[in-house]
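Participant: What follows is a protein structure lacking sequence information:
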């Protein structure tokens, strides 16, 4: 009755075809239908159609979230760098013993605060670098106190 390739066909239909039928006529049989059961192949085919656009939407979102996460953790350390920088600016050659003690107390407070910061393991190098810099300022303060 029909020649090869004529059935199924969207031609001469008495009722409108569904969107799935139109997609079948445009792109043919799902590729996975040869390897999986019908329900699984159709589900996988539909999931690809849904998940690819979702992946393109979430890729930038994942980048932004990871950047904000890194920035937030580094900010915990860098705020103490600001304090350390201000303390180092105040250092000068003509300081008295009480001034040196006050500066040492500020350095101890900065170091104690850095020790209490809760950071993920990936951000420990930043905290250890800050501790080294605190010790450098402490050594500079000790040189000033001896002079």
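Facilitator: Received, thanks. The structure presented is a predicted model; accordingly, all values stated were derived computationally and were not measured.
Participant: how distant is the host helix or strand of residue 64 from the center of its chain?
Facilitator: Assessed by DSSP states H and E, residue 64 sits inside helix 38-90. Taking C-alpha atoms, centre = their mean, to the nearest Å, the mean C-alpha location of helix 38-90 is offset from the chain mean by 3 Å.
Participant: list the helices and strands it packs on?
Facilitator: Helix 38-90 sits against helix 97-116, helix 124-146, with contacts defined as 3 or more C-beta pairs under 8 Å, 6 or more residues apart in numbering; DSSP states H and E. Just so you know, the C-beta spots here come from the backbone N, C-alpha and C atoms, and that holds for glycine as well.
Participant: and the ones you listed as CSV, adding distance to residue 88 and mean neighbour count?
Facilitator: Converted to CSV, these look like this (distance: least, C-beta to C-beta, whole Å; neighbours: other C-beta atoms under 10 Å):
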stretch, distance to residue 88, mean neighbour count
helix 97-116, 9, 14
helix 124-146, 5, 14
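Participant: Columns mean pLDDT on top of those, output as JSON lines?
Facilitator: Formatted as JSON lines, the helices and strands packed on helix 38-90 follow (pLDDT from 0 to 100):
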{"stretch": "helix 97-116", "mean pLDDT": "90"}
{"stretch": "helix 124-146", "mean pLDDT": "90"}
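Participant: From what I see, residue 117 and residue 75 are in contact.
Facilitator: No. Counting by C-beta atoms under 8 Å, residue 117 stays clear of residue 75, with 10.6 Å between them.
Participant: do you know how far the residue nearest the centre of the chain is from residue 58?
Facilitator: The geometric centre of the chain, computed from its C-alpha atoms, lies nearest to residue 66 (C-alpha atoms, centre = their mean), at 0.8 Å. Distance of residue 66 to residue 58, computed by C-beta to C-beta, to the nearest Å: 12 Å.
Participant: Just say helix, strand or coil for residue 4.
Facilitator: coil (DSSP: H, G, I helix; E, B strand; the rest coil).
Participant: residue ranges with poor pLDDT in the protein?
Facilitator: 1-2, 5-14, 93-94 (pLDDT under 70).
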